[in-house]
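K.L.:
pasting the structure only:
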């Protein structure tokens, strides 16, 4: 049932629902800024304080049907009487609605006409009516539902939470999830982030416990949301809801009867008394709330800017994606198994090469690591996990990666216990200093002053580097520079070892230098470096 209102005799397009938030097939969101601007920036409303009223809840529970009663009230009401309902046999039109099991509304729709209402204090405010996509339909992801619900709650000053039959714990948990998803997207504030939340319980079947209407609804809701001696999880849900909304109320409505519920041709002709009570209670000028953000009243122009800012957040990847209870539980289950496996690995590796354990040969450390790593992986595989093997595979890969990263740290820790490894940098620098000293002496003796000067310069640089390294190790400052010195010294050490193993012996034995002039008149000089007690020598021609 679509709109048949024609209240603009001047030829302008008749009022109709306008899709302003679209949910695409790839589950991304698009805001129709042009359509939204035409509504909110109309000359007579753009600078008016705005009252944004939205209806949200599970799909196929009559949200659009309720919105059309609101439209009829906004167009027809002239007093507090029931005359706004008009002819009881008049079909209900406005926002598109129908009976059945498949969803009707998608995204967020706004009625194209913004109503001007006089508040009791004389202010004229703009009233905006929003209809939203139902949550948990078969074509929407949890993120789709959370985003639409959160956006409508953030934009509206009065959010009607449409619930069927009773307020159950899962209704409260979903409200907690959706409002937290909205609060994440908003700037932090010391005020409650949202304004009015109205629980509308449809098809209420227990009037003998709590009577229909607002009075019975408030008593019922007070009992439902009371924080008492409950489990901590239940208390947290209720505390969260109380912390999110400035005003919370409730209205209980009876079932319309099987004649309505099972009639595929039902067109909204209804003479029930409850809509005539509910709608004026929601929309009377004294009850409507002007939209506020951080305590400041918002105009239609300002609401447009907030709408654009909020949708950009949900279009990005800054916010975490909400997860189903099964997915969240499966993730927690697998993460707990990962933590248990890592604890076992760390505990056993500490026994092998922990802080008070002596240096272990690298090959032995690698062998122990392989055995303990496999034990840790077996611990992970042995834990009963939700989500299935395919879901757990990425957590197994995560565990393997984290264990390998930790093993790198154990290697470094073990190497630090090796006195020769710890002395590699100063030993390398001492060798450079010694070799440059000898080379400078030889080249200076034979008259090659340029080479001697170069050797002296390298000697001085190595000496300064050695002093700098010693200061860094002593003071703990400039550790990045110390790491660079260690890397350069390590690379130099490895190259020297690879090129000439005899250089190791030069560090710990006396060196006998014998200079032989092959030809006294020749400018070439051979310096023979012979190690005492060894028949190996290294000849240098200059």
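P.N.:
Yep, it's here. Predicted, not measured: the structure shown is a model, and the values here were computed from it.

K.L.:
am I right that residue 52 sits in a strand?
P.N.:
Yes. Residue 52 sits within a strand when classified using DSSP: H, G, I helix; E, B strand; the rest coil.

K.L.:
I'd say it and residue 130 touch.
P.N.:
Yes. Shown here, residue 52 and residue 130 form a contact pair, counting by C-beta atoms under 8 Å, at 6.4 Å. (Glycine included, C-beta is placed from N, CA and C.)

K.L.:
who has more neighbours, these two?
P.N.:
Taking other C-beta atoms under 10 Å, residue 52 and residue 130 do not tie; residue 52 has more neighbours (27 against 23).

K.L.:
is it true that residue 172 touches residue 236?
P.N.:
No. Here residue 172 does not reach residue 236: they are 10.5 Å apart, not a contact under C-beta under 8 Å.

K.L.:
pull up the overlap in contacts between residue 52 and residue 130.
P.N.:
155, 156 (C-beta atoms under 8 Å, 6 or more residues apart in numbering).

K.L.:
quick revisit: okay, residue 172 and residue 236: which has more neighbours?
P.N.:
Counted by other C-beta under 10 Å, residue 172 and residue 236 do not tie: residue 172 has more neighbours, with 20 against 13.

K.L.:
chain neighbours aside, what residue packs nearest to the more buried one?
P.N.:
Excluding the flanking residues, the one nearest residue 172 by C-beta to C-beta, 6 or more residues apart in numbering is residue 237, at 5.1 Å.

K.L.:
flag every buried residue along the strand or helix carrying that neighbour.
P.N.:
Element membership of residue 237, judged by DSSP states H and E, is helix 232-244. Using 16 or more other C-beta atoms under 10 Å as the test for burial, helix 232-244 gives 237, 238, 240, 241, 244.

K.L.:
any chance of the residues you listed in CSV, plus distance to residue 149 and pLDDT?
P.N.:
Shown next, in CSV, are the buried residues of helix 232-244 (distance: C-beta to C-beta, whole Å; pLDDT from 0 to 100):
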residue, distance to residue 149, pLDDT
237, 16, 87
238, 19, 88
240, 15, 87
241, 14, 89
244, 13, 87
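
K.L.:
what segments of the stretch 251-400 of the chain are strands?
P.N.:
For the stretch 251-400 of the chain, the strands defined by DSSP state E, counting those that start in this stretch cover 292-293, 296-297.

K.L.:
list of residues touching the helix holding residue 237?
P.N.:
For helix 232-244, using C-beta under 8 Å, 6+ apart, the contacting residues are 169, 172-173, 175-176, 179-180, 183, 192-194, 197, 225-227, 230, 248.

K.L.:
which among the residues you listed count as buried?
P.N.:
Buried among these (16+ other C-beta under 10 Å): 172, 175, 176, 179, 183, 193, 194, 197, 225, 248.

K.L.:
quick one: which of these sit in helices?
P.N.:
Under the assignment DSSP state H, the buried ones among the contacts of helix 232-244 contribute 172, 175, 176, 179, 183 to helices.

K.L.:
hang on, the earlier thing: out of the buried ones among the contacts of helix 232-244, who's nearest residue 433?
P.N.:
residue 183 (64.5 Å; C-beta to C-beta).

K.L.:
quick one: contacts for the closest one?
P.N.:
193, 244.

K.L.:
that one and residue 310, how far apart?
P.N.:
12 Å (C-beta to C-beta, to the nearest Å).

K.L.:
do you have the strands of the stretch 101-250 of the chain handy? List them.
P.N.:
According to DSSP E, counting those that start in this stretch, the strands that the stretch 101-250 of the chain contains are 108-111, 115-118, 124-132, 158-164, 194-202, 245-252.

K.L.:
for residue 329, find the nearest of those.
P.N.:
Closest approach to residue 329 among the strands of the stretch 101-250 of the chain (C-beta to C-beta): strand 158-164, 24.7 Å.

K.L.:
what's the angle between that closest one and strand 245-252?
P.N.:
Put simply, strand 158-164 runs at 40 degrees to strand 245-252, going by axes from the mean of the first three to the mean of the last three C-alpha atoms, to 10 degrees.

K.L.:
what helix or strand is residue 18 on?
P.N.:
Per DSSP H and E: strand 17-23 holds residue 18.
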